[in-house]
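1. give me coordinates for this.
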Amino acid sequence: MYSSVRVIVGVSGSHRSPDVVRRAAAEARKRDALLVPVIAWTAAEGDPLRPLSELRHSARERLDTVLELAFGGIPEGIRIHPLVLRSEPGRALVTTADRPGDLLVVGSGRPGAAGHVVHGAVTRHCWTHAACEVLIVPRAEHPELAAWVGTPAHCHAGVGYEN
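-> Below is the predicted model:
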């Protein structure tokens with residue numbers, strides 16, 4: 001019988017996505033959980049004539065590329081269920097990670113001038129609205145951020161930064 005625990009990970013297609021997905025996969029292995037990489041897409045305001053099927057296909061290609069860069073394809077020894085959703089990224093992740101036992105994994109954003117993390121809009125949205133535990137993965141070049149742990153007021157499970 002498979003565990004119903006899930007690790008949901010946001011995939012943007014950025015150069016950091018493979019690192020975040022690898023960290024989520026490590027958590028999924030540790031928890032014997034289903035890994036759910038999620039990429040969200042919306043119809044671009046500047047490209048209203050592009051067919052929706054083409055936008056969805058492009059998002060799926062970005063997700064496949066990230067999985068290829070992270071693992072050389074679909075990772076072995078782990079259950080995985082990739083999702084391509086038409087939605088704003090933050091909303092897609094929070095809606096998918098809707099169970100108290102879920103873990104939502106997102107990248108941290110970029111470091112600011114004072115050495116603090118400047119969270120991107122998606123990270124802030126997930127931290128503020130998630131009903132489950134949220135793991136924020138820092139940039140590899142800033143491991144000092146791994147020690148910071150905070151808990152959103154509404155979230156009983158907490159938020160943590162880890163490598």
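
2. check which element follows the longest strand that the chain contains along the chain.
-> In the chain, assigned by DSSP state E, the strand with the most residues is strand 34-41. As assigned by DSSP states H and E, the chain's next helix or strand after strand 34-41 is helix 52-71.

3. the next helix or strand after that next one pairs with which strands, and in what direction?
-> Moving toward the C-terminus from helix 52-71, the first helix or strand encountered (DSSP H and E) is strand 83-86. The strands beside strand 83-86 in its sheet (DSSP bridges) come out as strand 34-41 (parallel).

4. relative to helix 52-71, how tilted is the strand it pairs with?
-> 140 degrees (axes from the mean of the first three to the mean of the last three C-alpha atoms, to 10 degrees).

5. just to revisit the earlier point, what mean pLDDT would you report for the longest strand of the chain?
-> Averaged across strand 34-41, pLDDT comes to 96.

6. same check, this time on stretch 89-108
-> What stretch 89-108 shows for mean pLDDT is 93.

7. please identify the buried residues of that stretch?
-> Of all the residues in stretch 89-108, those buried under the rule 16 or more other C-beta atoms under 10 Å are 89-90, 92-94, 96-97, 102-108. C-betas here are computed from N, CA, C, even on glycine.

8. what about that stretch, how long is it end to end?
-> End-to-end distance for stretch 89-108, by C-alpha to C-alpha, to the nearest Å: 14 Å.

9. repeat that for stretch 77-92.
-> Stretch 77-92 has an end-to-end distance of 26 Å (criterion: C-alpha to C-alpha).
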